[in-house]
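Novice: Provide a 3D model corresponding to the input given below.
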Amino acid sequence: MEPSSLYRTPNALAPHYSRFRVAERLLLTGHSHQAWPDVGFEAQQQAWLDAADLVDEKWQKAGEVAERVRGGWRRLLNDAGGDIALGGNTHELVTRLLSARPLRERPRLVTTDGEFHTIRRQMDRLAEEGLEIVRVAGRPAATVAGRLAAIVDDRTACALISSVASRIHHALRERGVVTDFRGDVLRLGPAPYLPDDQLRDAVSRLGEALRSPSR
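Specialist: Numbers count the residues shown, from 1 in each chain. Predicted coordinates for the structure are as follows:
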């Protein structure tokens, strides 16, 4: 699949997210709030059928499927020997990570202040639903690009800090743009199933929301 097929309308991935109607809605929700592919629905149905058929003998098959998932991520990351950890949510993975550290020695844990202070939050609340992965000892993620142009140009998730993040979120919702926020952080997640036309439309509506009087 050529990257250009993700930028133009119709978007090449959008048909695979038909149940979430991504071609009809401006879904800029980031992280695990993003749309799920149609094959996820089929996979959950198959997991239910496997449980009904195998009952308590299902774990071997589940392990085999998990290894196939790890293999898929290794291919995607071009890292044949990569150590991939799977978890049901971020909370589980962070807890497992911390349990492997010598906490009595007070190791230094370096986190970012982006994406809702993720690790700090995991100490007192559950994470979002869905499948989470961690690439153990992986390369650093690319630096998040600045300005609103990053949303269209680089398709990089953008976290905006504002004391009125909640108001902006609701103003965008009224204009048909779905985002998510936590405290003073408004997160805009331009998923690959959104073509450039939809992203530009969303940025235009964001401008309208920012220019509208505060409520």
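Novice: going by C-alpha atoms from here, please, whenever you check contacts or count neighbours.
Specialist: OK.
Novice: for the helix or strand harbouring Leu210, packing partners?
Specialist: Element membership for Leu210 (DSSP states H and E) is helix 196-211. Where contact means 3 or more Cα pairs under 8 Å, 6 or more residues apart in numbering; DSSP states H and E, helix 196-211 is packed against strand 26-27, helix 149-153, helix 165-174.
Novice: angle of it against helix 165-174?
Specialist: Helix 196-211 and helix 165-174 are oriented at 130 degrees to each other (axes from the mean of the first three to the mean of the last three Cα atoms, to 10 degrees).
Novice: show me what counts as buried in helix 196-211.
Specialist: 196, 198-199, 202-203, 205-206, 209 (16 or more other Cα atoms under 10 Å).
Novice: adding mean neighbour count and distance to Leu6, write the helices and strands packed on helix 196-211 out as JSON lines.
Specialist: Shown next, in JSON lines, are the helices and strands packed on helix 196-211 (neighbours: other Cα atoms under 10 Å; distance: least, Cα to Cα, whole Å):
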{"stretch": "strand 26-27", "mean neighbour count": "24", "distance to Leu6": "15"}
{"stretch": "helix 149-153", "mean neighbour count": "17", "distance to Leu6": "12"}
{"stretch": "helix 165-174", "mean neighbour count": "18", "distance to Leu6": "24"}
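Novice: of the ones you listed, which is nearest Arg75?
Specialist: Checking these against Arg75 by Cα to Cα gives helix 149-153 as the closest, at 25.8 Å.
Novice: could you point out which element follows the closest one?
Specialist: As assigned by DSSP H and E, the chain's next helix or strand after helix 149-153 is strand 158-161.
Novice: partner strands of that following strand, with direction?
Specialist: Strand 158-161 sits in its sheet next to strand 185-188 (antiparallel), going by DSSP bridges.
Novice: and stretch 200-215, how far out from the chain's middle?
Specialist: Put simply, stretch 200-215 sits 23 Å off its chain's centre (Cα atoms, centre = their mean, to the nearest Å).
Novice: only alpha carbons, please: show it as PDB.
Specialist: Extracted in PDB, the C-alpha atoms of stretch 200-215 (Å, rounded to 0.1, in the frame of the first residue of the first chain):
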ATOM      1  CA  ARG A 200      -8.200  19.900   6.800                       C
ATOM      2  CA  ASP A 201     -11.900  20.000   7.500                       C
ATOM      3  CA  ALA A 202     -11.200  19.200  11.100                       C
ATOM      4  CA  VAL A 203      -8.500  21.800  11.400                       C
ATOM      5  CA  SER A 204     -10.900  24.400   9.900                       C
ATOM      6  CA  ARG A 205     -13.500  23.500  12.500                       C
ATOM      7  CA  LEU A 206     -10.900  23.700  15.200                       C
ATOM      8  CA  GLY A 207     -10.200  27.300  14.100                       C
ATOM      9  CA  GLU A 208     -13.900  28.100  14.300                       C
ATOM     10  CA  ALA A 209     -14.100  26.600  17.800                       C
ATOM     11  CA  LEU A 210     -11.100  28.700  19.000                       C
ATOM     12  CA  ARG A 211     -12.600  31.800  17.500                       C
ATOM     13  CA  SER A 212     -16.100  31.300  19.100                       C
ATOM     14  CA  PRO A 213     -16.900  33.100  22.400                       C
ATOM     15  CA  SER A 214     -16.200  31.100  25.500                       C
ATOM     16  CA  ARG A 215     -19.200  29.700  27.300                       C
END
